[in-house]
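**Q** 3D, please:
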Amino acid sequence: MAKVIHSMIRVLDVARSKEFYEKAFGLKEKRYLDFDDFALVYLGNDENDFEIELTVNKDQKDAYTHGNGYGHIAVCVDDLDAEHARIKSLGYEPQDVVSFSPGGELLAKFFFIKDPDGYEIEVLQRHGAYT
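**A** Numbers count the residues shown, from 1 in each chain. Next up is the predicted model:
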């Protein structure tokens, strides 16, 4: 059986991206691999062993395009409203909290935020399938 270990995103400014992911989600640098043309920075926390891999192409000057295939990365938290307020207090701009209740039963409560390179992150309340 395969184990999912990381998701890679390309970033322009590694310091700005590391600061965002650490402040917003408590993800810290676990490994930094520096090569001539690019660098790989793996971010994670003690909650699990899944990582975000930031790839920095050193010659890249223009913003990356995300096309129409990228969706989002998702994280879950214990207190969604508190996390929303905390992230907002850091100066970031999360979207409003949404409760998704088809048929009247709460399936998910969440908000989205974009990282410095425009990648969307869904932040979900720990509930049901999202634990």
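
**Q** from now on I want contacts and neighbour counts done on CA atoms only, so please keep to that.
**A** Noted.

**Q** what is the longest strand of the protein by residue count?
**A** The residue-count maximum for a strand in the chain (DSSP state E) belongs to strand 48-57.

**Q** ok, now which ones touch residue 61?
**A** Neighbour list for residue 61: residue 12 [criterion: CA atoms under 8 Å, 6 or more residues apart in numbering].

**Q** in three-state terms, label it for me.
**A** coil (DSSP: H, G, I helix; E, B strand; the rest coil).

**Q** quick one: pLDDT of it?
**A** The confidence metric pLDDT takes the value 92 at residue 61.

**Q** from residue 92, how far out is the closest residue to residue 39 other than its chain neighbours?
**A** Nearest non-adjacent residue to residue 39, counting by CA to CA, 6 or more residues apart in numbering: residue 56, 5.2 Å away. Residue 56 sits 22 Å away from residue 92, going by CA to CA, to the nearest Å.

**Q** neighbour-wise, which of the two wins?
**A** Neighbours were counted for residue 56 and for residue 92 using other CA atoms under 10 Å; residue 56 has more, 20 against 17.

**Q** residue ranges in this structure under the pLDDT threshold?
**A** 2 (pLDDT under 70).

**Q** one more time with 90, if that's ok
**A** Within the chain, the ranges that satisfy pLDDT under 90 run 1-4, 47-48, 63-71, 102-103, 128-131.

**Q** domain parsing for it?
**A** 1-59, 71-131 (automatic domain parsing).

**Q** can you redo these as CSV with distance to residue 65?
**A** As requested, the domains of the chain are exported to CSV (distance: least, CA to CA, whole Å):
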stretch, distance to residue 65
domain 1-59, 10
domain 71-131, 9
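
**Q** re the thing from before, the helix or strand following the longest strand of the chain pairs with which strands, and in what direction?
**A** Scanning forward in sequence from strand 48-57 by DSSP states H and E, the next helix or strand is strand 73-77. According to DSSP bridges, strand 73-77 forms sheet pairs with strand 120-125 (parallel).
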